[in-house]
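Chemist: Compute the structure for the input listed below.
(one chain, ligands or ions: 2)
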Amino acid sequence: MSASRIINAPSLANCDLLELGREADELARGGAHWFHVDVMDGHYVPNIGLPVRLAGELKQKYPAIETDVHLMVTDPMSYLPLLEANRADWVSFHMDATNFSRRVLATIREMGMKAGVVINPSQPVAAVEPVIHFVDYVVLMTVEPGYAGQKFMVDSLPRVSELVALRERHNLDFLISIDGGVDYPNAIECARRGAEVYVTGIFTVFRQADGIAEACRRFQRALETEAGL
Ligand code: DX5
Ligand code: ZN
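Modeler: Ligands and ions are numbered 1, 2, ... in the order given. So this is what the prediction gives:
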């Protein structure tokens, strides 16, 4: 993991697919810590995402960058062998996609991967409390899942604080990841409140005038400054 507390996890769903290799190189050059890979099955969300195999190919080419696979699927358990085969580092799934979150979390960890749950904007933050001792990270969706490029829901900000407070109350150190529409003003606010991982997209690192690599560095600097690092 990165030495700094702010982790930049660009979402490859925002890449120009015809330029994916070149853009991944740029992200690596810009010091991205994680590659966020959105896997969608067309059922849990009304869209199809990236193949798990992409995580494996990224790992092979950029071993120092951790892969963060976000499963937006109705049956997370059935994807785990494929994720293990592709040496995924971090795996998260939506809690409401299974009745057995603890079993899924335990299986991810048994396979040697870091495990996390994702909560949607319509779920209470407290929904994660029963599994809080079994996660390496919690992903807070700040848009409805399914599409890249949506606008950050500002009413998520108090939810970040709620999750930070929950973590403190239980004296735990799981990471908090923010996914969806991450832009400068809201990311800065989340950093001040104590979130660590930022799934970045078109508002911060892609399609920026200074290019992907420099935009990554700029984002990292800005957040570390705001978080007082
Ligand atoms: C939304 C995905 C996000 C998305 C993030 O369903 O989980 O990872 O790609 O990208 P932006 O920042 O464009 O929302
Ligand atoms: Zn995602």
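
Chemist: Let me see the confidence value for residue 100.
Modeler: Note on residue 100: pLDDT of 98.

Chemist: repeat for residue 31
Modeler: So residue 31 comes in at 98 (pLDDT).

Chemist: Just confirm it contacts residue 9, I think it does.
Modeler: No: Residue 31 lies out of contact with residue 9 (C-beta atoms under 8 Å); the separation is 12.0 Å. C-betas here are computed from N, CA, C, even on glycine.

Chemist: neighbour-wise, which of those two wins?
Modeler: Ranked by neighbour count (other C-beta atoms under 10 Å), residue 31 and residue 9 place residue 9 first, with 28 against 15.

Chemist: Pretty sure the more buried one sits in a helix.
Modeler: No: counting by DSSP: H, G, I helix; E, B strand; the rest coil, residue 9 is not found in a helix; it is strand.

Chemist: give the contact list for it.
Modeler: Counting by C-beta atoms under 8 Å, 6 or more residues apart in numbering, residue 9 touches 32, 33, 34, 35, 36, 68, 177, 197, 198, 199, 200.

Chemist: What separation do you get for it and ligand 2?
Modeler: The spacing between residue 9 and ligand 2, counted by C-beta to the ion, to the nearest Å, is 9 Å.

Chemist: Look up which residues are beta-bridged to that residue.
Modeler: Beta bridges link residue 9 to residue 199, judged by DSSP bridges.

Chemist: Kindly provide the distance from it to residue 48.
Modeler: Distance, residue 9 to residue 48, by C-beta to C-beta, to the nearest Å: 21 Å.

Chemist: Give me the nearest residue to the closest residue to ligand 1 within the chain, chain neighbours excluded.
Modeler: Using C-beta to the nearest ligand atom, the closest approach of the chain to ligand 1 is made by residue 201 at 2.5 Å. Once flanking residues are discounted, residue 201 sits nearest to residue 14: 4.2 Å by C-beta to C-beta, 6 or more residues apart in numbering.
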